[in-house]
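S.K.: sequence first, predicted coordinates after that:
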Amino acid sequence: MALDLTPEQKAVGKANFEQTAGELARNGKMDSMVAGGGVDPKKPHRRDALKAALAAGAVVPVSAAVYFGYESWKGGNPVRTALIGTGDEGCVLVGDHNPEFNQIVAVCDIRPSNLKRVFEKDGDGPRKGLKNVVGTKAAEKIRTFASLDELLAAKGELKLEAVVVATPLNTHDVIVKRCLDEGLHVLCEKLMARTTAKCKAMIQYAKDKGLLLSVGHQRHYSTLYANAVEVVRSGVLGDIKHIKAQWPRNNSWPYLPSEAEKEKFATEYGLPQLIDGWYKGVLKEDAVALPPEKLAQLAFGNVNEYGFKDVAELVRWRLYDKTGGGLMAELGSHQLDASSIILGHVHPLAVQGVGGKFFYGPGKNDRESDDGVFVNYEFPGATYYQRDDDGHLVLRDGKPVPNPKGKDDVVVVSYASFNTNSFEKYGECVMGSRGTMIVEEERDVYLYKEPDKTKKGDPAAGGRDTKVSVGGAGGGKPALEASSTWGGAAGGGVTKTATGTAVWDSAVRGYRTEMEHFAYCVRKWQERGGKVDYAKDPKTGKLVHADIIPRCHGEVAMADAILALTANMAMDRKQRIVFEDAWFDPTSAEVPEAKYGKRQAQA
Ligand SMILES: NC(=O)c1ccc[n+]([C@@H]2O[C@H](COP(=O)([O-])OP(=O)(O)OC[C@H]3O[C@@H](n4cnc5c(N)ncnc54)[C@H](O)[C@@H]3O)[C@@H](O)[C@H]2O)c1
């Protein structure tokens, strides 16, 4: 992402970000640092704790629990949780979980290989293995189940309170509903569901049952993104007109397995031709346990929707239209989620793009989903106006339009993901008239001041080498000011990677903190008694109990799903699609699929 920056310029960019975020926080410009999105007058100690910590000079020297306002619950009574789906992502979630918040009492998967894998360390990242996270003895007590039915039948003896669902996309809605039926709170991985209608049904179901439904877009729980969002909201980047987001990868290298590796695979399902995490070999062990008739039994009564025609489709589910949503669902949804958060939790106006199977095909892999997507979204800018119910021109927040520049004020978010080049890193670059902020690999943030053209010849006018501080913080509007006196953030900071070393930081990555916050919300609702109340304040339209409902709840996650799924429809139809407000309203039956669903499906 930060393609041609020298190491020195990167160090300057990181220091600028930390300095700016720290200064904004110390000067009270970062209100949403408290209680997950607004100052809570009943809990002033959080603000005090933050202020005291921030006075030390670092950016966010506080834990995510303090940052997001759930530090009051220190655990000691962890929520009894089961993991359903112990594949790549399930192993990340429990490998990085905090046992003080969630006690994993059971794991469930239909693939025997993954049911074993979740206990063992896998690589150097977050897949630490349950044995390492909770200790071998405690791990031995974790029960294993080969089907959802068996797990739910043991719900009572397990004293189960909640589940984490990390299964393929086409199974999310049915598994979530089954768990809600059993009175369990649910954290479901993204993408929320395969269609918008299913997302709406899940939201309604959780509401009717009065249970929590959280969805795993982890950027909502990342202290790194929270800081980045605050920097944008402060206005120091000026007029933002473009966000460039991308996730390029190179999965075009031939897969050359050793004889021993080949021996593990059931060759009747074909061997991978390329090194591609989405087209894996099928392990013999899984093939033996899951012949098609067994998979049909496990399809929740609807093979067409929830089933897998064979074990290969189960293992390679991301590649097929029935079971996955391709690059937009898997990668784009995260980065569009980030972009819409950065722009103030707004819904997009329109999308168009180009996508296709440009590289893969017979002999490489038999995917249905696109292997390259290049999409442009139009988002409303800060002065974008619309008409209210009375026909008056109003801004997004309902205020009158001060300067009716209006419908031209659009922010273009361009997104690209493809499989044949990994030269640039993944990330998001926010471009404003006064500054640029780059979030790279969910780990590093760089901030630069735009060169000030009125200060010709002044080396401190701005640019990639210029250190900045925040001016106007004493009451005026914050603005980036060039500074030659910057001395560093005392080694503290958001990323823990000031030296450039890649370090897995749980607070920054968000997986651990999304599970912590989910557990906190479960306990808070249990303390209150009664159903989870998703009521909205009629004046603000915001959740009344937002402080104890997961930040990425159903409605938020549905918007991310709509962004991804509609982009697929726009590419499929080669058409610009205008988003409709009703699509984002969980109580409306309107969905984008009704108008723009697959052309083939409609033929
Ligand atoms: N938040 C993130 O950053 C992130 C990253 C990767 C994946 N994900 C999401 O996590 C989910 C899982 O992805 P993954 O990469 O782990 O896939 P995976 O194929 O590695 O694992 C999925 C597991 O679910 C199991 N499964 C399927 N049907 C089941 C059923 N009926 N009951 C029990 N287990 C069942 C499979 O056997 C498999 O072990 C997807 O929704 C994916 O989009 C999220």
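M.R.: Here it is on my side, so go on.
S.K.: ramachandran coordinates for the residue in the stretch 151-300 of the chain that the ligand sits nearest to?
M.R.: For the stretch 151-300 of the chain, the residue closest to the ligand is Glu189, as judged by C-beta to the nearest ligand atom, at 3.5 Å. C-betas here are computed from N, CA, C, even on glycine. With angles defined as degrees, to the nearest 10, Glu189 sits at phi -60, psi 160.
S.K.: going forward can the numbers begin at 809, since that is how I track them
M.R.: With the count now opening at 809, the last piece we talked about shows up as Glu997.
S.K.: in the stretch 1209-1358 of the chain, which residue sits closest to the ligand?
M.R.: Closest point on the stretch 1209-1358 of the chain to the ligand, by C-beta to the nearest ligand atom, is Tyr1319, at 7.1 Å.
S.K.: residues in contact with that residue?
M.R.: Contact analysis of Tyr1319 by C-beta atoms under 8 Å, 6 or more residues apart in numbering lists 900-901, 904-905, 934, 1024, 1026, 1029.
S.K.: and it, how far from Phe876?
M.R.: 14 Å (C-beta to C-beta, to the nearest Å).
S.K.: could you do Gly1240 as well?
M.R.: Remark: distance between Gly1240 and Phe876 (C-beta to C-beta) = 26 Å.
S.K.: and for Lys818?
M.R.: In terms of C-beta to C-beta, Lys818 sits 28 Å off from Phe876.
S.K.: higher neighbour count, these two?
M.R.: Phe876 (28 against 17; other C-beta atoms under 10 Å).
S.K.: now do the same contact list for that one.
M.R.: 844, 1029, 1034, 1321, 1325, 1359 are the contacts of Phe876 under C-beta under 8 Å, 6+ apart.
S.K.: any idea of the pLDDT on it?
M.R.: Looking at Phe876, its pLDDT reads 81.
S.K.: relative to His1353, how far out is it?
M.R.: 15 Å.
S.K.: over to Ile1011?
M.R.: 15 Å.
S.K.: who's more crowded, those two?
M.R.: Using other C-beta under 10 Å as the criterion, Ile1011 and His1353 rank with Ile1011 on top: 21 against 16.
S.K.: which positions in the protein make contact with the ligand?
M.R.: 892-898, 916-919, 922, 956, 974-977, 979, 997-999, 1024, 1026, 1106, 1122, 1138 (C-beta under 6 Å from any ligand atom).
S.K.: list the residues that contact the nearest residue to Lys985 once chain neighbours are set aside.
M.R.: Using C-beta to C-beta, 6 or more residues apart in numbering and skipping residues adjacent in sequence, the residue nearest Lys985 is Tyr1013, 5.5 Å away. With contact taken as C-beta under 8 Å, 6+ apart, Tyr1013 is in contact with 984-985, 988, 1021.
S.K.: what's the farthest-apart pair in those residues?
M.R.: Lys985 and Leu1021 (10.1 Å; C-beta to C-beta).
S.K.: who touches both of those two?
M.R.: 1010, 1013.
S.K.: ok, these two, which is more surrounded?
M.R.: Using other C-beta under 10 Å, the more surrounded residue of Lys985 and Leu1021 is Leu1021, with 28 against 18.
S.K.: pretty sure that one is touching Val984, no?
M.R.: Yes - counting by C-beta atoms under 8 Å, Leu1021 does reach Val984; the two are 6.9 Å apart.
S.K.: how long is stretch 1312-1327 from one end to the other?
M.R.: Using C-alpha to C-alpha, to the nearest Å, one end of stretch 1312-1327 lies 22 Å from the other.
S.K.: may I see the domains of this protein written out as residue ranges?
M.R.: Following automatic domain parsing, the chain resolves into domains at 887-1029+1320-1362, 1067-1124.
S.K.: deepest-packed of those, please.
M.R.: domain 887-1029+1320-1362 (a mean of 20; mean count of other C-beta atoms under 10 Å).
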